[in-house]
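Chemist: The sequence and its predicted three-dimensional model are supplied below.
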Amino acid sequence: KEEQLGEEEGEEKEGDDLGISAEEIAKMDWEEDFNSHHDSNPRGPRAISLDVTFTGFDKLYGLPEHADTLALKGTGGTDPYRLYNLDVFEYELNNPMALYGAIPYVHALSAKRSVGMMWLNAAETWVDINYSNDKSIVGRVLSSILSSDDVSRIDTHFMSESGLLDLFLFLGPSPKDVTRQYSNVFGPSYLPPLFAISYHQCRWNYNDQKDVLGVDANFDKYDIPMDVIWLDIEHTDGKRYFSWDGRKFPDSKAMLSTLADKGRNMVTIIDPHIKVDRNWGLYSNGRDHSCGIYVKNKDGGNFEGHCWPGTSSWVDYTSPCARQWWAEQFSYDKYQGSSPTLFTWNDMNEPSVFNGPEVSMPKDNLHAEQWEHRDVHNIYGHYMHRATRDGQLYRSQNTARPFVLSRAFFVGSHRIGPIWTGDNHASWEHLKMSIPMLLSLNVAGYPFVGADVGGFFGNPPTELLVRWYQVGVLQPFLRAHAHIDTRRREPWLFGEENTALIRDALILRYQLLPYIYTQFYKASVDNSPIMRPLWYDHPTDTSLYTNQEEFLLGDSLLSSPILESNERSHLVTLPAPEVWYDYHSYTKYPSGTMHIPVKLSSIPLFIKGGSIVVTKMRVRRSSQLMESDPYTIIVALDKKGEATGEAYVDDGKTFEYKNNKFSYQHLSFSDNKLSCRSGVQGAEYRSAGIERIVILGVDKLVTASLNGSPIISTFNKSTGSVTIKKPNIVLSDEWTLNFS
């Protein structure tokens, strides 16, 4: 409007082709009503849209977050995919409806090429998709080049309510190239502390300090590893965040100290709404702060709405000054009763406003620099996530790695901390849907993700709960969580047999921590997906494009989870051309699709031939207590008798790895030699030793030697494996074992 009014008189003005002037358009009434809510829309229509056609591609992926198939569907005859962060109660499955986060990114795939596209816009966005054969000139040219009668075509139509046209194209040509290019622009994932990728126990709510310590003690009693206990909103003083209910938690520091003595941590919830209480110092300080801490309504006053505490104001995290103010609240002198082992969960940050339109904030609310909420809605939670992360850095003076879980997210949130899929339900359908949801997030550049084990709403049947643990232990973020109205469901409450099954699943997770931590290190370098679709490593196999029941965990492991009740024969797809090995039994499988017998204890997990997987088989009460325990290395030979792998080790807590205080070893087996070499020059970290090496794919006894000295080895003919015990070597050293 300002540009139009600044034009010289007599010049043709925008809008004249409509028969009206720009000045008249600006004066029009663009107000809208939504049920009982009113949007003044004072700046009028500012929507932008763009059509993008992907010619020669077969499938499109991405656009999280939706509870829908991994491969995006055509939207002809249905609603477009919607990206508008919302607090959705018991969300529907197989639906393009908006959920808690938004990444307006798509990945187009064919056997010949991959490309990615980011539509960087934080306003409400809709995306239409249409699959067809391309009859255009471009399509006919490609048909001639490819000697094909039909060339596939995917038409997309991106529409945003406001904002700029800010488009990024990543031209591949492989899926891994697209990931690397994405990372070059939007950054890699952050490297979390080791406890963050271990097991988290949560519910709304653990009642009091005695309840927390009782749960902690029972994990020890039943020999189940656990790293973190979580507290929901009931732990606070009247829903005033950064506080404790003194009656329920009379000595939070003592409680935190008891957990810390076992290498365990705690997470408390902190939401973006601040209780309007003029007698509460935090609220009053924000209200009176010179830079304006709270979001404003359309008239310029502090916006007030309803959430858990009742009448509340919302921190304006789009303001750098407000983010700094928020970060300062995490200092130990302000967050009384906190400690270095207390971390944070940001919920309700879509933002959720109980009495707002669509349970969110009015679009004509005002943020810093007079941006309307409609312009920044999808990035609001991202900025809260960032400010909370900064608070943890502030309290430790940038020495300790933070951990902050967020429900809302946007492009770039992967650099801050993990997210989860929100308020799922205790059903087989929701268990099954968790996999394509998490795969979509990884494809769209968000590796550190998970789904509530057991389902947030409802009471899972015992078989479902066991299966959910067996699936969850192989996903990047592992947390059990439950609604306040559900029955208690700690792992020991379902009978001895089922407790043992859950224990075995969690032990598997802890055994794999060295391997999983290495995948997180790789993600911190180039944002490699940790949980990836089968097609990601096998893009030329078009039969894998719609597989959303199985997934790769990093480079070397394939999970084929059991997602149906009473399943006894399980269909497994093992991509060509590799050979594969059962992780548990070492049974060797060819590539292809096959049925395998399963029972309730089965966790189908396979090692790709040609891989070296580093594990720890001695599992203790928490990951921290396993730090000095020795490693077991599994060498899974390919058809050529070769294998490679990596192992990353650091202190798991601090930023000392940025000062080269880490070990990143490359392991390789070829020409009858197993070698370990440093992958980064100048890296310095002394790891634990190696207690066992297992070589799979061997058909006869082999002998091993180190520096000419023989090492005891045993051959198992039934599994085709050789085991070398106590080789007297350290993972972080350079060494070579010779075999004959």
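Modeler: Happy to help now that I have it. Everything numeric in this text was worked out from a predicted model, so none of it was measured.
Chemist: Could you check what's spatially nearest to Val730, not counting adjacent residues?
Modeler: Excluding its sequence neighbours, the residue lying closest to Val730 (C-beta to C-beta, 6 or more residues apart in numbering) is Gly689, at 4.9 Å. The way it works is simple: take the backbone N, C-alpha and C, and place the C-beta from them, glycine included.
Chemist: Which pLDDT value does the model give the one you found?
Modeler: Note for Gly689: predicted pLDDT of 97.
Chemist: In contact with it, which residues are there?
Modeler: Neighbour list for Gly689: 630-631, 728-731 [criterion: C-beta atoms under 8 Å, 6 or more residues apart in numbering].
Chemist: which one in these is the model shakiest on?
Modeler: Lowest pLDDT of these: Asn728, 92.
Chemist: Tell me the spatial nearest neighbour of Ser152, not counting adjacent residues.
Modeler: Distances taken as C-beta to C-beta, 6+ apart put Asp58 closest to Ser152, at 5.5 Å, once the chain neighbours are dropped.
Chemist: Please report how far the residue nearest to Val730 lies from Thr632.
Modeler: Noted for Gly689: a distance of 11 Å to Thr632, by C-beta to C-beta, to the nearest Å.
Chemist: same question, Thr723
Modeler: Per C-beta to C-beta, Thr723 is found 10 Å from Thr632.
Chemist: Common neighbours of the two, please.
Modeler: Counting by C-beta under 8 Å, 6+ apart, the shared contacts of Thr723 and Thr632 are 692-694.
Chemist: What residues of stretch 596-605 count as buried?
Modeler: 598, 600, 602-605 (16 or more other C-beta atoms under 10 Å).
Chemist: pretty sure Trp371 is touching Ser319, no?
Modeler: No. Using C-beta atoms under 8 Å, Trp371 is not in contact with Ser319; the gap is 9.9 Å.
Chemist: Tell me which of the two has more neighbours.
Modeler: Using other C-beta atoms under 10 Å, the more surrounded residue of Trp371 and Ser319 is Ser319, with 22 against 16.
Chemist: Excluding chain neighbours, give the residue nearest to Gly682 in space.
Modeler: Spatial nearest neighbour of Gly682, excluding adjacent residues (C-beta to C-beta, 6+ apart): Asn660 at 5.2 Å.
Chemist: I'd say that neighbour and Ser678 touch.
Modeler: No. If you go by C-beta under 8 Å, Asn660 and Ser678 don't touch, sitting 10.9 Å apart.
Chemist: quick one, what contacts the residue nearest the centre of the chain?
Modeler: Nearest to the mean C-alpha position of the chain, counting by C-alpha atoms, centre = their mean, stands Val449 at 1.8 Å. Counting by C-beta under 8 Å, 6+ apart, Val449 touches 418-421, 438, 441-442, 475-477, 531.
Chemist: for Phe669, phi and psi?
Modeler: As for Phe669, its main-chain torsions (degrees, to the nearest 10) stand at phi -130, psi 120.
Chemist: I'd say it and Ile612 touch.
Modeler: Yes. The pair Phe669 / Ile612 is scored as a contact, 6.9 Å apart, by C-beta under 8 Å.
Chemist: partner residues bridging Leu342?
Modeler: For Leu342, the beta-bridge partners are Met266 (DSSP bridges).
Chemist: that older thread, list the ones among the contacts of Val449 that fall in strands.
Modeler: By the criterion of DSSP state E, membership of the contacts of Val449 in strands covers 419-420, 531.
Chemist: could I get the residues you listed as TSV with pLDDT, neighbour count and distance to Thr736?
Modeler: Converted to TSV, those look like this (pLDDT from 0 to 100; neighbours: other C-beta atoms under 10 Å; distance: C-beta to C-beta, whole Å):
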residue	pLDDT	neighbour count	distance to Thr736
Ile419	98	27	43
Trp420	98	27	43
Met531	98	25	33
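Chemist: burial measure for the residue nearest to Ala260 when sequence neighbours are not counted, as a count.
Modeler: Leaving aside its sequence neighbours, Ala260 sits nearest to Thr341 (C-beta to C-beta, 6+ apart; 4.7 Å). By other C-beta under 10 Å, the residues close to Thr341 number 17.
Chemist: Now do the phi/psi pair for Thr341.
Modeler: Main-chain torsions, Thr341, degrees, to the nearest 10: phi -100, psi 20.
Chemist: so it sits right up against Asn265, yeah?
Modeler: Yes. With contact defined as C-beta under 8 Å, Thr341 counts as touching Asn265 (4.6 Å).
Chemist: about what we covered before: more crowded one of Thr723 and Thr632?
Modeler: For Thr723 versus Thr632, the count of surrounding residues by other C-beta under 10 Å is larger for Thr632: 20 against 15.
Chemist: what about that one, which helix or strand?
Modeler: Using DSSP states H and E, Thr632 maps to strand 631-636.
Chemist: quick one: strands adjacent to that strand?
Modeler: strand 611-615 (antiparallel), strand 689-696 (parallel).
Chemist: Reformat the ones you listed as a markdown table; add distance to Leu86.
Modeler: Below are these laid out as a markdown table (distance: least, C-beta to C-beta, whole Å):
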| stretch | distance to Leu86 |
| --- | --- |
| strand 611-615 | 40 |
| strand 689-696 | 48 |
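Chemist: right, so of the ones you listed, which gets closest to Ser132?
Modeler: Across the strands paired with strand 631-636, Ser132 has its closest neighbour in strand 611-615 (39.9 Å, C-beta to C-beta).
Chemist: before we move on, the earlier item: looking at the contacts of Gly689, which is nearest Ser524?
Modeler: The closest of the contacts of Gly689 to Ser524 turns out to be Leu731 (C-beta to C-beta; 19.5 Å).
Chemist: does the closest residue in space to the closest one that isn't next to it in sequence count as helix, strand or coil?
Modeler: Distances taken as C-beta to C-beta, 6+ apart place Ser687 nearest to Leu731, at 4.4 Å, with adjacent residues excluded. Using DSSP: H, G, I helix; E, B strand; the rest coil, the structure places Ser687 in coil.
Chemist: ok, Ser687 to Ile612 distance?
Modeler: In terms of C-beta to C-beta, Ser687 sits 15 Å off from Ile612.
Chemist: Of those two, give the one with the bigger neighbour count.
Modeler: Ile612 (25 against 22).
Chemist: The helix or strand harbouring Val471: what's the following helix or strand?
Modeler: Here Val471, judged by DSSP H and E, is contained in helix 462-472. For helix 462-472, the following helix or strand on the C-terminal side (DSSP H and E) is strand 478-480.
Chemist: elements contacting that next one?
Modeler: Applying 3 or more C-beta pairs under 8 Å, 6 or more residues apart in numbering; DSSP states H and E, one finds that strand 478-480 contacts strand 199-201, helix 462-472.
Chemist: Perfect, I'm done here.
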